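Q: Quick one, structure for this:
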Amino acid sequence: MANIYLNPFAGGCGTSQLLMPTQQIIRSGSGTYVPTVNTRLPLYICVELYGGGAGGAGSSQGVDMGFGGDGGDSSFAAGQLIARGGHGATFDAGLGGTCTVTLSAPGFSFTGQSGATAIAQEYDAGFGSSPYRITQDFFPGGVGGNGYFPGAGMERSNPSAVPNTGSGGAGGHINANTSNGLLVNAGCGGGAGGYLRYLLPPTNPDGSNYDYELGIAGTAGTAGTRGNAGGAGGSSLLIITEFYQ
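A: Residues are numbered from 1 along each chain as shown. Sure, this is the predicted structure:
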């Protein structure tokens, strides 16, 4: 129930009702947005939409790690507003998702932040003259890309992204000190989904309600030989703020 305030500046013998904005927050799935009715319909709505965050790649002492899954695309108003999911990490970091807008309305959009790359090295644990000898035994995975609201996976302790932020998952870390002479690959981070915010009438021009579909989070890349799994991406989100005259 919206809060109702009396307007002391209203003319005539009566008062007018000023309704505070209301919100609908949808965290998953698909369906139809139905405006909230608080004595009257909203004058306009503000639509905020996130694409799904992508998964980070696993790590491996070799090249048999699994890649992160792409985040799903989110859409509103029969695809006139699309926030695309981030791209899953492979041997390289995943790129952030873009947005597509095909209607005329005030608003803006952002491409999701890309994930971070990680280290790939040939490791020699000995003390010889090998040109590939390195002394670091632990390689962190690349962090995920942040969505419009940060929530990216931070390798090792919290590799998966925060749900409903559209952020990317981190890549898997790896301990290199048992891989004498082998290639060592830490996992790269997944990209964040795109974000958009637009002002729309509360319904379509013909009076019908808007449909929506929210993208899923990208899956985590699996661990390769002696490696670790990456983190899953953050799921998408739809926020509709309703404003009254």
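Q: For L41, give me its contacts.
A: When the contact criterion is CB atoms under 8 Å, 6 or more residues apart in numbering, the partners of L41 are 35, 202. Using the backbone N, CA and C atoms, a C-beta is placed for each residue, glycine as well.
Q: so who does the most centrally placed residue in the chain touch?
A: Nearest to the mean C-alpha position of the chain, by CA atoms, centre = their mean, lies G166 at 1.4 Å. Residues counted as contacts of G166 (CB under 8 Å, 6+ apart) are 50-53, 71, 83, 85-86, 97, 112, 147-148, 151, 192-195, 233-237.
Q: Can you turn the buried part of the residues you listed into a PyMOL selection?
A: Only the buried entries of the contacts of G166 go into this PyMOL selection, using 16 or more other CB atoms under 10 Å:
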select buried, resi 50+51+52+53+71+83+85+86+97+112+147+148+151+192+193+194+195+233+234+235+236+237
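Q: measure the residue nearest to the centre of the chain to G187 for me?
A: Distance of G166 to G187, given as CB to CB, to the nearest Å: 20 Å.
Q: and what of G231?
A: G231 is 9 Å from G187, by CB to CB.
Q: okay, and the common contacts of the two?
A: Residues touching both G231 and G187 (CB under 8 Å, 6+ apart) are 56, 170-172.
Q: At which residues are the helices of this protein located?
A: Using DSSP state H, no helices are assigned anywhere in the chain.
Q: So, low pLDDT: which residues of this protein?
A: The chain contains residues with pLDDT under 70 at 1-17, 121-137, 177-181.
Q: now do 90
A: Residues of the chain meeting the criterion pLDDT under 90: 1-19, 37-41, 61-62, 119-139, 149, 155-158, 175-184, 226, 245.
Q: Pull the contacting residues for the nearest residue to E242 once chain neighbours are set aside.
A: In space, not counting the residues next to it along the chain, E242 is nearest to P42; the distance is 3.8 Å by CB to CB, 6 or more residues apart in numbering. Taking CB under 8 Å, 6+ apart as the criterion, P42 is in contact with 22, 35-36, 202, 242-244.
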